[in-house]
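S.K.: Next one to model:
(one chain, ligands or ions: 1)
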Amino acid sequence: MKFLHTADWQVGMRATMLGEKGERARMARLESARRVIELARGEAVDFIVVAGDTFEHNGVDRIKVREVAKILGGADRPVYVTSGNHDPIMPGSVWEEPMWREWPNIHLLMNEAPVEAPGATLYPCPVSARDSSDDPTGWIHPINGSIAIGIAHGSVESPAYQQAAPVARQAAEIRGLDYLALGHFHSKALYPGSDGVVRMAYCGTHEQTAFGEQASGNALIVEIARRGAPPRIQAARTGILEWLAYRRKIEEPGQIAALATELDELSDPERTLVDCVLEGTLVGGDHDALAQLLEVVEKRFLFGRSDTSRLVPDQSGPEWIDRLPEGYLRNAAQDLLAAASANPPDPAATAALREYSRLWREVNQ
Ligand SMILES: [Mn+2]
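M.R.: Now for the predicted structure:
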C-alpha cells in the first residue's frame, strides 16, 4: 500500500510582503498543487491524504476553492482531506460548499471516525473552530488488523513552548498507528519512535511560504507493506519557487563583489525570491560593488529585498566622494558618510549615501 501525504497548501494566502509579485506567489500554490497530483499519478499511489490547511481561511474566494476541488477531483484516485486551524469546520466553512460532491473521489473527513481507504484504515482528526488543548489524536484506537493511518493537524509537543492542539511526541506508538500524517508545520520533519522507526511526519507545505523554512516545497510518498511493517518514506519536490536567504558578514574587500557574481549566476531568476542581509564593514572601494549587488537583488528576481542597515562604511569613504565637485556636493556626501560611519550608524544616512552615489553615477555616465 502506497499513498501520498501533503498538507498546508494555504491557497488564498495573501503574501502581502511580496507586493505586486504576490499574485505570482499565489498562483504558484495552485501550480504546485497540480504537481502534487502529477506526482501521485507518477508514483501510482493508492490514494492521497491532505492533512489540513488546504485553504488560508474559510473566506477564500469560491472560484479558488473550485480550482482546488478540480485539481483534487482530477487525481484519478481517492483523495482524503481533513481540516486545519486555518480552515476549521464551522458554519459557512469552505467544506460546506456543495461543489465538493461533484467529484466522487474527494472524501472530506470531518468526523473523528475510522474511514476505509484502499489498503488501509484512516483515523482523521479534523480541526473545528473551537480551541482545544487536547491531543487531537486522543480518540484513536485501531480496531482491526488493517494498516492504520492517522491524519492530524497540530504541533508536535515540545518542552520549549506550549501549543494549542499538542500532538504527543510518541503519538504514532501510543495510538497504535502505522503512520501519522501531520500538517501545520511548513517544513518537512520526521519523528523516529523509540525503536528508531519513523511513523509520524510533517510533509511540510507543497510550496514554500516564507524565507527561512527548511525543507519545504515537498510531498511525501509513504509505502507500508503490512500492518506493523516500517513505513518507507520518500520526499519528492513539488515546489516551484526558490526562497533564498543570504546572511553575510562582510569582513574583507571583495566579498560583496563575489556575492553579486553568485547572485547574478543563479538560474531561474523568475522563480527565485531573495532576501539579502549584510552586516559588517563596507570599505571605500566596495561601494560600487554594493550598488551593483543591490541592483541585482532588486531587479533580477521575482522578488528581492535587502537589508544593509548594519553594514557600516569605514571612515575612508568611497572614491567617488573625492571626485565630487568641491563645495556643497562634496560636503553633503562627507556629512552623510560621517553619519553613516558613526556609532551607532544612522541607517538613513547610509541609504541616502548609496542613493547619492547611484544618482552621481547616472549623471556621469
Ligand atoms: Mn495550520
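
S.K.: Then Asp76 would be within a helix, right?
M.R.: No - Asp76: not assigned to a helix; according to DSSP: H, G, I helix; E, B strand; the rest coil it is coil.

S.K.: Run through the residues that contact it.
M.R.: Applying Cβ atoms under 8 Å, 6 or more residues apart in numbering, we find Asp76 in contact with Arg41, Asn105. For the C-beta atoms, the positions are set from N, CA and C on the backbone; glycine is no exception.

S.K.: redo that, cut-off 10 Å
M.R.: Going by Cβ atoms under 10 Å, 6 or more residues apart in numbering, Asp76 touches Ile37, Ala40, Arg41, Ala44, Asn105.

S.K.: Excluding chain neighbours, what is closest to Met200?
M.R.: Distances taken as Cβ to Cβ, 6 or more residues apart in numbering place Leu180 nearest to Met200, at 3.8 Å, with adjacent residues excluded.

S.K.: Ok, Val312 next?
M.R.: Val312's closest residue in space is Pro345 (Cβ to Cβ, 6+ apart), at 4.7 Å.

S.K.: The one you found reaches Gly280, doesn't it?
M.R.: No - look at Pro345 against Gly280 with Cβ atoms under 10 Å: they stay out of range, at 11.8 Å.

S.K.: re earlier: and the two most separated of the contacts of Asp76?
M.R.: Ala44 and Asn105 (15.1 Å; Cβ to Cβ).

S.K.: The two: who's more crowded?
M.R.: More crowded of Ala44 and Asn105, by other Cβ atoms under 10 Å: Asn105, with 15 against 9.

S.K.: Surely the more buried one is in contact with Ala75?
M.R.: Yes - between Asn105 and Ala75 there is a contact at 6.2 Å, judged by Cβ under 10 Å.

S.K.: who touches both of those two?
M.R.: Common neighbours of Asn105 and Ala75 (Cβ under 10 Å, 6+ apart) are Phe47, Ile48.

S.K.: Outline the domain layout of this structure.
M.R.: Per the record, the chain has its domains at 2-237, 242-364, by automatic domain parsing.

S.K.: before we move on, back to that, and the residue nearest to Val312, what does it touch?
M.R.: Ser309, Arg310, Leu311, Val312, Pro313, Ala339.

S.K.: Please name the bridge partners of the fourth one.
M.R.: Just to be clear, that refers to Val312. Bridge pairing for Val312 (DSSP bridges) gives the partners Thr281.

S.K.: separation between it and Arg237?
M.R.: 39 Å (Cβ to Cβ, to the nearest Å).

S.K.: Which one's more surrounded, those two?
M.R.: Val312 (21 against 12).

S.K.: Can you verify my assumption that His287 contacts Thr308?
M.R.: No - when contacts are counted by Cβ under 10 Å, His287 is not listed as touching Thr308 (11.2 Å).

S.K.: Give the residues shared as contacts by these two.
M.R.: Shared contacts of His287 and Thr308, counting by Cβ under 10 Å, 6+ apart, come down to Ile256, Arg354.

S.K.: can you map out the helices along the stretch 51-200 of the chain?
M.R.: 62-73, 171-174 (DSSP state H, counting those that start in this stretch).

S.K.: can you pull the buried residues of the shortest one?
M.R.: Judged by neighbour count using 16 or more other Cβ atoms under 10 Å, the buried positions of helix 171-174 are Ala171, Ala172, Glu173.
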